[in-house]
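> here are the coordinates; sequence isn't available:
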């Protein structure tokens, strides 16, 4: 839903040069960031009309989403070819890892996060474990929730459309003296689509549509104690309920975050951020195989940024976590927990036309030896807005507790001896930046060893996770974004080779495309902004299974989808938006036997009595 505000034709659709925080953990222009980063702002979220985060993320370079059906159904994210069971993509919500400790292989249940309560998303592509820790092999998705600002604001929006889809959202912010308040609530419901294509699966119980509904609440309070010193509290809840055609029948995903934080200017050159958080993920499956799992991540995070002068900045801090899981029902195991503690430091600066970024981190997980990771980035200003960029980094990932202890005999066996995955990456590229335009070409390679894959227990014959695989992805990534004379554009192309190094012929990794492309264009006509988003994915290998569970290789065909968006202002307080999804009603799959959403039309209204 578009925000309601008045803009001129020359301003509408124009973005200032983006600022990113994730690349070095403090604000810097996108053109200065050495890691490959993309940003999705609140304004872009509103104008996209997207109702869930997965729709937004698939427009990012190198990002691939698979889904087992329509909205709210299981999704998997890959960045530069890594993700899925290797859990090579780290997802952070307000700095806290969404890291389910079950055996699902889910990167944070992204399908359960709707957009109305999200302020900003940053995506780092490539290995940054030295900055963010375990799991940041393919990349990191950093999600920031909405909070209050300096001016009072209030808005109410509603959307309705195809498949009985409806949303209702309300947000309000107020500044009372030195206290900033924010509260928001959103409701999303849809009839959905039949998740499973009956001709390709023997698990189907019915061919009825599989619905989804979600309620999200978000609130925060920030108190400025004195100049440069503030204390805050934020609370976030997301409750999603879905139905399925198979033996699961229905389920519920609940995510919650409580966070107490303090931002402090400790000296003229020293800024500190301290947070104490608890993140809970509850997954409930109903039907023929009822089960529950609850992951809890308790975290104390202390980050510091110190301006050293002469263009140099130092960063550092500690990340203390306690991870736990409780399960019931099918395949349950006794409650398990562990500590995960880390120290990290970084140094960023310039010497003449040379830019340097160095990050190091030491992570210690109970049951494993310390894991050291590093990132070394280098940039060279060539003049005329051109810059050469190169980096080398190392990464690791520790198996979730469910990979170690989940057992469902006689089919699945736990493996408490599973080791961490290890990876190293290299990048080289060129960038041109001028005004709001940033163009970048990057060659990248990541190689992983001790990768988790499905193996067979030598005693029981049951399937289990084992360190029996190695993988490599290498490729070329082209990105460009900017604005000119009322036009805004964002385009990217990824040509990659994500391959399994353990099999003869080095086949492409399952469900990974070797080519991905996106184009998004917006143009302002007075107070009306119109846009189109085009997404292309090349063919991908997958597998089918017959009634005896025999694996049959299949290929998912390439596809292109086109979406249209429009938004406008009727009065200073009223606005409208429209979105056409899958304009040409393309039939495609991102996972074999699972349908994707067909053509759809959605229309919305927004009322903003306060703010601009």
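Perfect, I can see it now. All values derive from a computational prediction rather than experimental measurement. Numbering: from 1, shown residues only.
> which stretches of the stretch 351-500 of the chain form helices?
401-405 (DSSP state H, counting those that start in this stretch).
> for the protein, longest helix please?
helix 42-48 (DSSP state H).
> what does that one contact?
1-3, 15, 55-56, 115, 118-121, 146, 522, 529, 531, 533, 565, 567, 577, 579 (CB atoms under 8 Å, 6 or more residues apart in numbering). Yep, even glycine has a C-beta here, placed from its N, CA and C like the rest.
> likewise stretch 285-298?
Identification of contacts with stretch 285-298 by CB under 8 Å, 6+ apart yields 96-97, 99-102, 244, 247-252, 277-284, 321-332, 402.
> please flag which of these sit within helices.
Using DSSP H, residue 402 are the members of the contacts of stretch 285-298 that sit in helices.
> report the buried members of the contacts of stretch 285-298.
Among the contacts of stretch 285-298, the ones that count as buried by 16 or more other CB atoms under 10 Å are 96-97, 99-102, 244, 248-249, 251, 277, 279-284, 321-327, 331-332, 402.
> so which of the residues you listed sit within strands?
Per DSSP state E, strands hold the following members of the buried ones among the contacts of stretch 285-298: 96-97, 251, 277, 279-284, 321-327.
> wait, what's in contact with residue 117?
Applying CB under 8 Å, 6+ apart, the residues near residue 117 are 145-146, 169, 171, 184, 186, 216-218, 236.
> give me that answer again for 10 Å
Counting by CB atoms under 10 Å, 6 or more residues apart in numbering, residue 117 touches 145-146, 169, 171, 182, 184-186, 216-219, 236-238.
> so for the residues you listed, which is the shakiest by pLDDT?
pLDDT across those is at its lowest for residue 146, which sits at 92.
> next, that one: phi, psi?
Main-chain dihedrals, residue 146, degrees, to the nearest 10: phi -70, psi 150.
> which of the helices or strands spans the residue lying closest to it once chain neighbours are set aside?
Sequence neighbours aside, residue 119 is the residue nearest to residue 146 in space, at 4.4 Å (criterion: CB to CB, 6 or more residues apart in numbering). Secondary structure assignment for residue 119, by DSSP states H and E: strand 118-125.
> what is the next helix-or-strand element following that strand packed up against?
Counting by DSSP H and E, the element after strand 118-125 in chain order, helix or strand, is helix 129-132. Contacts defined by 3 or more CB pairs under 10 Å, 6 or more residues apart in numbering; DSSP states H and E place helix 129-132 against strand 89-93, strand 139-145, strand 336-351, strand 354-365, strand 371-383, strand 386-397, strand 421-434.
> again, only using 8 Å
Helix 129-132 sits against strand 336-351, strand 354-365, strand 371-383, strand 386-397, with contacts defined as 3 or more CB pairs under 8 Å, 6 or more residues apart in numbering; DSSP states H and E.
> and that helix, how far out from the chain's middle?
On the basis of CA atoms, centre = their mean, to the nearest Å, helix 129-132 sits 16 Å off its chain's mean C-alpha point.
> for it, which outside residues touch it?
Contacts of helix 129-132 (CB under 8 Å, 6+ apart): 24-25, 90, 92, 135-137, 140, 344, 346, 359-361, 373-375, 393-396, 423.
> helices or strands next to the strand ranked longest in the chain in the packing?
When the chain is parsed with DSSP E, its longest strand is strand 463-484. Identification of packing neighbours for strand 463-484 by 3+ CB pairs under 8 Å, 6+ apart yields strand 36-40, strand 437-456, strand 487-500.
> ok, now with 6 Å
Contact analysis of strand 463-484 by 3 or more CB pairs under 6 Å, 6 or more residues apart in numbering; DSSP states H and E lists strand 437-456, strand 487-500 as its packing neighbours.
> tell me which of the ones you listed lies nearest to residue 125.
When the helices and strands packed on strand 463-484 are compared by CB to CB, strand 437-456 sits nearest residue 125, at 7.9 Å.
> can you list the strands that that closest one pairs with?
Within its sheet, strand 437-456 is paired with strand 421-434 (antiparallel), strand 463-484 (antiparallel), according to DSSP bridges.
> can you list the neighbours in contact with it?
30-31, 36, 85-86, 127, 419, 421-423, 425-432, 463, 465-474, 476-482 (CB atoms under 6 Å, 6 or more residues apart in numbering).
> one more: stretch 316-336?
Contacts for stretch 316-336 (CB under 6 Å, 6+ apart): 101, 289-304, 337-343, 345, 401, 405-406, 408.
> which non-adjacent residue is nearest residue 25?
Residue 25's closest residue in space is residue 315 (CB to CB, 6+ apart), at 5.4 Å.
> relative to residue 122, how far out is that neighbour?
For residue 315, the distance to residue 122 (CB to CB, to the nearest Å) stands at 16 Å.
> which one's more surrounded, these two?
More neighbours surround residue 122 than the other of residue 315 and residue 122, with 23 against 20 (other CB atoms under 10 Å).
> so that one touches residue 41, yeah?
No. With contacts counted by CB atoms under 6 Å, residue 122 stays clear of residue 41, the gap being 9.8 Å.
> just the buried positions in the longest helix of the chain, please.
In helix 42-48, counting by 16+ other CB under 10 Å, buried: 44-48.
> any idea what the residue nearest to residue 143 when sequence neighbours are not counted is bridged to?
Spatial nearest neighbour of residue 143, chain neighbours left out: residue 93 (5.0 Å); criterion: CB to CB, 6+ apart. On the basis of DSSP bridges, residue 93 is bridged to residue 96, residue 143.
> hmm, residue 144 and residue 93 touching each other?
No. Using CB under 6 Å, residue 93 is not in contact with residue 144, being 8.2 Å away.
> neighbour count: those two, which is higher?
A count of neighbours by other CB under 10 Å puts residue 93 above the other of residue 93 and residue 144, at 22 against 17.
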